[in-house]
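Chemist: Sequence first, predicted coordinates after that:
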Amino acid sequence: MPPIHAAIAILHHHDHFLMQLRDEAHLTSIHPGLWGFFGGHIEPGESPDFAIQRELIEEIGYAPPHLKPFQIYPSERAIRYVFQAPLEVPLSALTLQEGQDLGLVSIDAVRQGEHYSTKLNAVRSLAAPHRAILLEFWEQHTGQSSDA
């Protein structure tokens, strides 16, 4: 089976990152019940740039005006086109339309690999590939190692 192509976004505010707690009920959901990035599948004929804008509007009703490519992460399961931008609106301006919760996850929580969901009143793990991408992003953009 060929890998899926996905466009995902690192939306950051200082040392926090906007993340989505993925649905558990959908059996086709990638990383169910874990914290991950907003974004999703690239539709046939779509560019990654267009796909990430579309996905963010569909999932939270917002797309930053200046998303920049960060990296491409290929694996057997998925080719992830990762974009990044500052989050320039408050959480109250976002409308969660997909997933169980959203939250600003601190770099300390990323390092620990888990974050508390206020909606579920529970701690949930970060999806391993998304956590690894965030740690690399943090190191590249701050010069601080992921275990600082």
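Modeler: Thanks, I have it.
Chemist: Can you pull out the low-pLDDT segments for this structure?
Modeler: Along the chain, the model assigns pLDDT under 70 to residues 25-29, 145-148.
Chemist: residues in contact with the residue most central in space within the chain?
Modeler: Centrality entry for the chain: nearest residue to the mean C-alpha point is F37, 1.2 Å, by C-alpha atoms, centre = their mean. If you count contacts by C-beta atoms under 8 Å, 6 or more residues apart in numbering, F37 has them with I8, A9, I10, M19, Q20, V82, H130, I133. No exception for glycine: its C-beta is placed from N, CA and C like everyone else's.
Chemist: if we go to 10 Å?
Modeler: Contacts for F37 were tallied using C-beta atoms under 10 Å, 6 or more residues apart in numbering; they are 6-11, 17-20, 22, 31, 52, 55, 80, 82-83, 126-127, 129-130, 133-134.
Chemist: Show me the strands in this structure, by range?
Modeler: Using DSSP state E, the strands of the chain run over 4-13, 16-21, 35-36, 38-41, 68-74, 78-86, 101-106, 114-117, 122-125.
Chemist: taking those together, which one is wrapped up most tightly?
Modeler: Of all the strands of the chain, strand 35-36 carries the top mean neighbour count, a mean of 26, counting by mean count of other C-beta atoms under 10 Å.
Chemist: how about R77, phi and psi?
Modeler: Main-chain torsions, R77, degrees, to the nearest 10: phi -90, psi -40.
Chemist: ok, so what distance separates it from D15?
Modeler: R77 is 29 Å from D15, where distance means C-beta to C-beta, to the nearest Å.
Chemist: One more: A7?
Modeler: 24 Å.
Chemist: which one is the residue nearest to the centre of the chain nearest to, not counting chain neighbours?
Modeler: I8 (4.0 Å; C-beta to C-beta, 6 or more residues apart in numbering).
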